[in-house]
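Chemist: Sequence first, predicted model second:
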Amino acid sequence: MKIKFILLLFLFLFLSACSTNKNKTTYTEHSNIKVIYFSCTNNTEKVANKISNYLNCSIEEILPLQPYTDADLNYNNNSSRANIEQNDINARPEIQNTIDLTDIDTIFLGYPIWWGKLPKIIYTFLETYDLNSYTIIPFCTSGGSGIQTSIEEIKQCEPNAEVLQGKRFSSNAKETDIETFIDTLKI
């Protein structure tokens with residue numbers, strides 16, 4: 001009798017677990033998609049990793065030649081590196097690594113929002129690589145600023161690419177929120 005109860009309990013738990021996942025999309029490896037991101041405080045990196053894991057696709061970080069320090073990112077200091085870059089329309093911080101775009105056609109492009117806009121290093125990336133035939137799916141992290149201005153900036157840099165609407169996430173974005181966003185893209 002005890003064994004039957006345990007077997008029934010196991011069967012019930014197994015069926016319950018299966019039924020909760022019946023609407024979840026399962027992705028096989030997406031070799032034509034890559035997550036490319038820039039992150040100084042690991043907030044964007046966390047979201048990028050969740051996207052890459054969910055899609056089972058490759059991921060690559062945009063690394064600045066000169067890494068940003070906490071002092072560089074102090075937006076309260078007008079002479080901080082990030083403030084100076086954001087206020088200079090011609091600033092293009094150098095990237096130390098080469099991003100491999102071989103055999104991909106879709107890029108999830110991640111970045112933090114700096115002062116309501118793209119960080120200038122994303123301009124460097126967009127101007128370094130010819131992304132005319134790519135689909136770009138922007139995603140950003142921000143405590144309050146929206147993504148729309150940065151999407152318009154990407155469209156200006158890449159007028160022949162297909163730039164999708166994208167999504168802003170907070171630093172503590174839940175996997176379910178990220179998965180729901182991806183599932184709405186129908187990729």
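Modeler: Great, that's in hand. Keep in mind it's a predicted model, so treat the numbers as computed, not measured.
Chemist: Could you say which helix or strand holds E45?
Modeler: Element membership for E45, per DSSP states H and E: helix 43-55.
Chemist: counting contacts, what elements does that helix pack onto?
Modeler: Counting contacts by 3 or more Cβ pairs under 8 Å, 6 or more residues apart in numbering; DSSP states H and E, helix 43-55 packs against strand 33-37, strand 58-61, strand 106-112, strand 135-141, helix 175-185. Using the backbone N, CA and C atoms, a C-beta is placed for each residue, glycine as well.
Chemist: Sheet partners, orientation included, of the first one?
Modeler: Spelled out, it's strand 33-37. strand 58-61 (parallel), strand 106-112 (parallel) (DSSP bridges).
Chemist: Same list, the ones you listed, but as a markdown table with mean neighbour count and distance to P67 please.
Modeler: Below are the strands paired with strand 33-37 laid out as a markdown table (neighbours: other Cβ atoms under 10 Å; distance: least, Cβ to Cβ, whole Å):
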| stretch | mean neighbour count | distance to P67 |
| --- | --- | --- |
| strand 58-61 | 16 | 12 |
| strand 106-112 | 25 | 15 |
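Chemist: Save those as TSV, and put in distance to T69 too.
Modeler: Shown next, in TSV, are the strands paired with strand 33-37 (distance: least, Cβ to Cβ, whole Å):
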stretch	distance to T69
strand 58-61	17
strand 106-112	15
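Chemist: for those, which one sits closest to Y75?
Modeler: Minimum separation from Y75 across the strands paired with strand 33-37 (Cβ to Cβ) falls at strand 106-112, 11.3 Å.
Chemist: For whichever helix or strand comes after the closest one, list the C-alpha coordinates in PDB.
Modeler: Counting by DSSP H and E, the next helix or strand C-terminal to strand 106-112 is helix 120-128. This file holds the C-alpha atoms of helix 120-128, laid out as PDB (Å, rounded to 0.1, in the frame of the first residue of the first chain):
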ATOM      1  CA  LYS A 120      29.600  55.300 -27.700                       C
ATOM      2  CA  ILE A 121      31.400  51.900 -27.900                       C
ATOM      3  CA  ILE A 122      28.200  50.500 -29.600                       C
ATOM      4  CA  TYR A 123      28.700  53.100 -32.300                       C
ATOM      5  CA  THR A 124      32.300  51.800 -32.700                       C
ATOM      6  CA  PHE A 125      30.900  48.300 -33.100                       C
ATOM      7  CA  LEU A 126      28.200  49.400 -35.600                       C
ATOM      8  CA  GLU A 127      30.600  51.400 -37.600                       C
ATOM      9  CA  THR A 128      33.300  48.700 -37.700                       C
END
